[in-house]
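J.: Here is my input; please provide its structure:
(one chain, ligands or ions: 2)
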Amino acid sequence: MSAVDARGLSVGPGTLTGVSQVTRVQGPRAAASSGERLVVAIDGPSGSGKSSTARGVADRLGLAFLDTGAMYRAATWLAVHEGLDLSDTDAVAELVRDAVFDIALDPARPTIAVNGHDVTQAIRRPEVSAAVSAVATNLDVRKDLVARQQQLIADAPAGVVAEGRDITTVVAPDAQVRVLLVADPAARVARRQAELGSAVDAAAVTDQVIRRDADDSTVARFHDAAPGVTVVDSTHLDLTQVIEAICALAPGQAGAEPRP
Ligand SMILES: Nc1ncnc2c1ncn2[C@@H]1O[C@H](COP(=O)(O)OP(=O)(O)O)[C@@H](O)[C@H]1O
Ligand SMILES: Nc1ccn([C@H]2C[C@H](O)[C@@H](COP(=O)(O)OP(=O)(O)O)O2)c(=O)n1
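T.: Ligands and ions are numbered 1, 2, ... in the order given. Reported below is the predicted structural model:
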């Protein structure tokens, strides 16, 4: 038995204790075309504001929100939890292939669980941030997670705002709105430092942002815009201004008044 909420997300067998509006993805399968629904794709480097902006855009436009980075983080958490050597690419890919992800696409309360573990908080820990590129650069893992992301996007009836590193180019290249969100490296490091606080030292923050981007950019193109992708530079814009700039790119939204 499953119900459908206001955003059309399934609530049913995949629901976990304390986690509602969950969509379960058990393995890759072909994605349907996006049809009349609205798909907004946002890529960019770490700290450019993708997650906060995508949540705001999804809320404003009444769409689902998909944080694809959370899936790579959850896969990393699982591999570490299972004691795998992350450089053993075959073992990691096999583990991820058999994993069950339960993902809530509600922008007001995004959650993620893997194999029954709610890892919404745990995947933000510095040790996951430090290790995630080893999993995100595993090409078999990418193939698997890209297929699951395409399934999630296809299954969100009203549409979705999806953010990551390869959404505009690989996951949803046919999205109606495609944005590369950028910001100066200094601004991105400062934002991440402000978010993590003084408990995390400056070298670790710089590693999380600059070194990780260098590693991640070996498998995804997110430093320059692919043809048809609009660049939004958030360095000197506040979050509301970035959300408005991206909403204005959506069909029928140019000049629309922001919601109160
Ligand atoms: N335009 C902006 N101006 C100032 N701070 C921002 C802006 N966008 C996001 N932030 C803040 O920067 C930090 C990183 O944002 P986040 O959305 O997690 O970026 P990303 O998903 O690209 O890594 C968060 O603390 C967020 O609140
Ligand atoms: N579509 C995606 C999304 C994220 N990744 C990788 C890149 C990052 O190192 C990790 C985590 O992504 P996440 O968006 O959470 O990272 P930031 O919070 O922006 O620093 O996953 C990816 O390779 N492809």
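J.: and the next element down the chain from the helix or strand containing residue 78?
T.: According to DSSP states H and E, residue 78 maps onto helix 68-81. The helix or strand immediately downstream of helix 68-81 is helix 89-97, counting by DSSP H and E.
J.: who does whatever helix or strand comes next after that following helix pair up with?
T.: Using DSSP H and E, the helix or strand that follows helix 89-97 towards the C-terminus is strand 101-104. When pairs are called by DSSP bridges, strand 101-104 turns out to pair with strand 22-25 (antiparallel), strand 111-114 (antiparallel).
J.: Run through who's touching the last one.
T.: With contact meaning C-beta atoms under 8 Å, 6 or more residues apart in numbering, strand 111-114 is reached by 16, 19, 22, 67, 70-71, 74-75, 77-78, 99-104, 118-120, 123. All C-beta spots, glycine's among them, are computed from the backbone N, C-alpha and C.
J.: closest point of this protein to ligand 1, which residue?
T.: residue 49 (2.8 Å; C-beta to the nearest ligand atom).
J.: if I read this right, that residue contacts residue 239, doesn't it?
T.: Yes. Taking contacts as C-beta atoms under 8 Å, residue 49 lies within contact range of residue 239: 6.7 Å.
J.: Between those two, which has more neighbouring residues?
T.: More neighbours surround residue 49 than the other of residue 49 and residue 239, with 25 against 13 (other C-beta atoms under 10 Å).
J.: so what's the more buried one closest to, chain neighbours aside?
T.: Once flanking residues are discounted, residue 49 sits nearest to residue 234: 4.8 Å by C-beta to C-beta, 6 or more residues apart in numbering.
J.: Quick check: the gap between the one you found and residue 48.
T.: Going from residue 234 to residue 48 by C-beta to C-beta, to the nearest Å gives 6 Å.
J.: do residue 237 as well
T.: For residue 237, the distance to residue 48 equals 11 Å [C-beta to C-beta].
J.: Now restrict the contacts of strand 111-114 to buried residues only.
T.: 19, 22, 67, 70-71, 74-75, 77-78, 99, 101-104, 119-120, 123 (16 or more other C-beta atoms under 10 Å).
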